[in-house]
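1. Sequence first, predicted model second:
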Amino acid sequence: MSTQSDANNHWHRRLERNTTLFTVLVTVAILIGGLVELIPLYQVHQRAEDTALVEPYTPLEAVGRDIYVREGCYNCHSQMIRPLHAEVLRYGEWSRSAEYAYDRPFQLGSRRIGPDLAREGGLRTNAWHWEHFWDPRAVVPGSIMPAYKWLYRRNVDVDDARATVRALRRLGTPYTEDHVDNVERYLREQGQAIVDDLATQGIEARWDQEIIAMIAYMQVLGTHLPALLGEDAPAPAPAGEAPGVDAPETAAPPAGQEPATEEAAADQAADEPALPAGEAVADEGADEDGAESDTERAPQDAPPAQDGDTP
């Protein structure tokens, strides 16, 4: 009996029975924990990296990012390299907070069914991305990424792009009225530069294809890191080369031919017609969801639906 009485009189038992004191102590503990989490947030400007060295997305890159989100690429790809030795060896320099200054929302991802894309910019050529989105296995044998052939038929919606730029400006992205009023000019100028580069590889494209916007977005990922580190930006990969990946030995095929190996070309020839000029490819790690409405805005000269064009 005395043992049971001693247990009931233990200090924490007495504290629990004193509801007023117990409530006060719990409240104090919660306040201390909350302050520990909140105070650093109000001081973050004292330690934050210089976001002035990070350029906002161009209108075309912002459109490409919207397509990336629409196609669910974040379900299979991350955009964050942790400061771990193995990750740095595999993907490159670990991610800095300032690199995400204009990401609304962040695309950090939660899985890596496909590789991390935080350092994708400049790693591969525009022609490689063009081929990859059309037929991932043509440039990465064994890839489980689906093809994104509808990106070659769908056109960028200029009004939608203008709305994106306007919304991002309200959220603090330093766009000007000129960016909003002349968004089509900005889209055309950057898109045409990519089209001209693809032309050197015998690929015919149009600046307003969604695939061009996606390529623009792929090529900007991670390119602000050298400025944050005070280094010179790395030179882009030479035309026809794709360092760090299993790429075909030959350069991009001429317009009118689908990018593929000899075996893949033979298989595709039996199932679907050759890729018309101006058609194209996608990036590892997106869902096939969202493809049902692909034909709604397809140009009049788009090829008929083929196996794999829509999920």
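-> Ah, there it is. Every value quoted in this text rests on a predicted model; they were computed, and no experiment measured them. Residues are numbered from 1 along each chain as shown.
2. Pretty sure Gln192 sits against Asp208.
-> No. Using C-beta atoms under 8 Å, Gln192 is not in contact with Asp208; the gap is 9.7 Å. C-betas here are computed from N, CA, C, even on glycine.
3. Compare neighbour counts for the two and give me the winner.
-> Asp208 (22 against 15; other C-beta atoms under 10 Å).
4. quick one: pLDDT of that one?
-> Looking at Asp208, its pLDDT is 96.
5. So what's the residue count around Val26?
-> 10.
6. what about the stretch 151-300 of the chain, any weak spots by pLDDT?
-> 232-300 (pLDDT under 70).
7. Now do the strands in it.
-> Assigned by DSSP state E, counting those that start in this stretch, the stretch 151-300 of the chain shows no strands.
8. What residues does the closest residue to Thr58 other than its chain neighbours make contact with?
-> Leaving aside its sequence neighbours, Thr58 sits nearest to Gln190 (C-beta to C-beta, 6 or more residues apart in numbering; 5.7 Å). By C-beta atoms under 8 Å, 6 or more residues apart in numbering, the contact set of Gln190 is Thr58, Pro59, Leu60, Glu61, Ala216.
9. Need phi/psi at the first one.
-> Taking degrees, to the nearest 10, you get phi -70, psi 160 for the backbone angles of Thr58.
10. these two touch, right, it and Tyr186?
-> Yes. If you go by C-beta under 8 Å, Thr58 and Tyr186 touch, sitting 6.3 Å apart.
11. what does stretch 25-35 rub up against?
-> With C-beta under 8 Å, 6+ apart as the criterion, stretch 25-35 contacts Leu15.
12. Alpha carbons only: can I get that stretch in CSV?
-> Extracted in CSV, the C-alpha atoms of stretch 25-35 (Å, rounded to 0.1, in the frame of the first residue of the first chain):
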residue,chain,number,x,y,z
LEU,A,25,3.9,25.3,-18.1
VAL,A,26,2.7,23.7,-21.3
THR,A,27,1.9,27.2,-22.8
VAL,A,28,5.4,28.4,-21.9
ALA,A,29,7.0,25.4,-23.5
ILE,A,30,5.0,25.9,-26.7
LEU,A,31,5.9,29.6,-26.8
ILE,A,32,9.6,28.8,-26.4
GLY,A,33,9.4,26.3,-29.2
GLY,A,34,7.5,28.7,-31.5
LEU,A,35,10.0,31.5,-30.9
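13. what about that stretch, average pLDDT?
-> 92.
14. ok, now stretch 138-146?
-> So the average pLDDT for stretch 138-146 ends up being 95.
15. got it, and stretch 64-81?
-> 96.
16. Check the gap between Asn126 and Leu41 for me.
-> 40 Å (C-beta to C-beta, to the nearest Å).
17. ok, the two, which is more surrounded?
-> Asn126 (26 against 8).
18. my guess is the more buried one contacts Ala199, does it?
-> No. Taking contacts as C-beta under 8 Å, Asn126 lies outside contact range of Ala199: 10.3 Å.
19. so Leu151 makes contact with Glu210?
-> Yes. Using C-beta under 8 Å, Leu151 is in contact with Glu210, at 4.5 Å.
20. so what's in contact with those two at the same time?
-> Ile67.
21. In stretch 136-146, which residues are buried?
-> Neighbour-count burial for stretch 136-146, counted by 16 or more other C-beta atoms under 10 Å, picks out Pro136, Ala138, Val139, Val140, Ser143, Met145, Pro146.
22. What separation is there between the first one and Lys149?
-> To tie it back to what came earlier, the one meant is Pro136. 11 Å.
23. now do Gly34
-> 51 Å.
24. ok, now Leu108?
-> 28 Å.
25. The two - which one has more neighbours?
-> Lys149 (26 against 14).
26. Please identify the helix or strand for Gly121.
-> Gly121 is part of no helix or strand, with elements assigned from DSSP states H and E.
27. That one against Gln219, yeah?
-> Yes. Between Gly121 and Gln219 there is a contact under C-beta under 8 Å: 5.0 Å.
28. burial measure for Tyr186, as a count.
-> Tyr186, neighbours per other C-beta under 10 Å, totals 19.
29. my read: it touches Pro56, true?
-> No. Tyr186 is beyond contact range of Pro56, at 11.9 Å (criterion: C-beta under 8 Å).
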